[in-house]
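1. Need the 3D shape of this:
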Amino acid sequence: MLDRTNFFIKEHVGVLKLSDTYDIIDPETQRNLGVAQEKLSFLVHALRLVIDKRMLPTKVEISEQVNGPALLTIKRGVTLLRSRIDILDQSGQVIGYFKSKLFSLGGGFYVYDTRDQLIAEVKGDWKGWNFKFLDAKGNEKGTVSKKWAGIGKELFTTADNYMISIAEDFKANSGLLLAAGLAIDIVYKER
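-> Numbers count the residues shown, from 1 in each chain. Okay, here's the model as predicted:
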């Protein structure tokens, strides 16, 4: 699943949901490639009833099937001003991390490898619907675009759909960029 360059992310709709689930779909065949599920402790679930969930820790596991072994894990600790989001591989080793920007009109963050080297930037437009993956030299290497889900879903839920596209020459980082696409929703869009 992580060797692809295009993903369609569809967030599940739920009434009073305290954790998020996302389907990862092949946009060409509409075949389900995997799932990303938020895995939270009972305490974090309870705190979400009274504290903004963007401030609380979260963990999202990306796997090929529901409750299957995680291919990637997205972890964020308690956040006040800037988020740091660690990305872990199947064995639990950090393969990179994101740092949210302190001041950004449309949102975005920096993508770092395990040696703390900046490898990409995720930069949002003024309305926060379209994001670009820029490599360390500023060249565009992919995009994340929010897709209109219909008036009912847009007005009454926080469930969003995203299209993630990655340049063929940046395919080696597709796991990190898939995680970045999900992190956009986790860090900036969820309430």
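2. where in this protein is pLDDT low?
-> 14-17, 103-106, 148-159, 187-191 (pLDDT under 70).
3. If you drop the residues flanking it in sequence, what lies closest to A36?
-> Y22 (4.2 Å; CB to CB, 6 or more residues apart in numbering). From N, CA and C alone the C-beta is placed, and that goes for glycine too.
4. that's a strand at that neighbour, yeah?
-> Yes. If the criterion is DSSP: H, G, I helix; E, B strand; the rest coil, then Y22 is within a strand.
5. contacting residues for it?
-> Applying CB atoms under 8 Å, 6 or more residues apart in numbering to Y22 gives the contacts 9-12, 35-37, 182, 185.
6. So among those residues, which ones count as buried?
-> Listed as buried from the contacts of Y22 are 9-11, 35-37, 182, 185; burial here means 16 or more other CB atoms under 10 Å.
7. Would you format the residues you listed as JSON lines with distance to M1 and secondary structure included?
-> Listed next are the buried ones among the contacts of Y22 as JSON lines, based on distance: CB to CB, whole Å; DSSP: H, G, I helix; E, B strand; the rest coil:
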{"residue": "I9", "distance to M1": "13", "secondary structure": "strand"}
{"residue": "K10", "distance to M1": "15", "secondary structure": "strand"}
{"residue": "E11", "distance to M1": "18", "secondary structure": "strand"}
{"residue": "V35", "distance to M1": "10", "secondary structure": "strand"}
{"residue": "A36", "distance to M1": "11", "secondary structure": "strand"}
{"residue": "Q37", "distance to M1": "15", "secondary structure": "strand"}
{"residue": "L182", "distance to M1": "13", "secondary structure": "helix"}
{"residue": "D185", "distance to M1": "18", "secondary structure": "helix"}
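8. wait, which of these is closest to Y162?
-> I9 (4.3 Å; CB to CB).
9. re the thing from before, quick check, nearest of the buried ones among the contacts of Y22 to I74?
-> Out of the buried ones among the contacts of Y22, the member with the shortest distance to I74 (by CB to CB) is L182, at 6.2 Å.
10. is it true that that closest one touches V60?
-> Yes. At 6.3 Å, L182 counts as touching V60 under the criterion of CB atoms under 8 Å.
11. Now do the shared contacts for those two.
-> With CB under 8 Å, 6+ apart, L182 and V60 have common neighbours 36, 74.
12. biggest separation within the buried ones among the contacts of Y22, which pair?
-> Using CB to CB, the two most remote members of the buried ones among the contacts of Y22 are V35 and D185, lying 14.3 Å apart.
13. got the residue ranges for the strands in the protein?
-> Secondary structure of the chain (DSSP state E): strands located at 6-11, 21-25, 32-38, 58-63, 70-76, 84-88, 94-100, 108-112, 118-124, 130-135, 140-147, 161-166.
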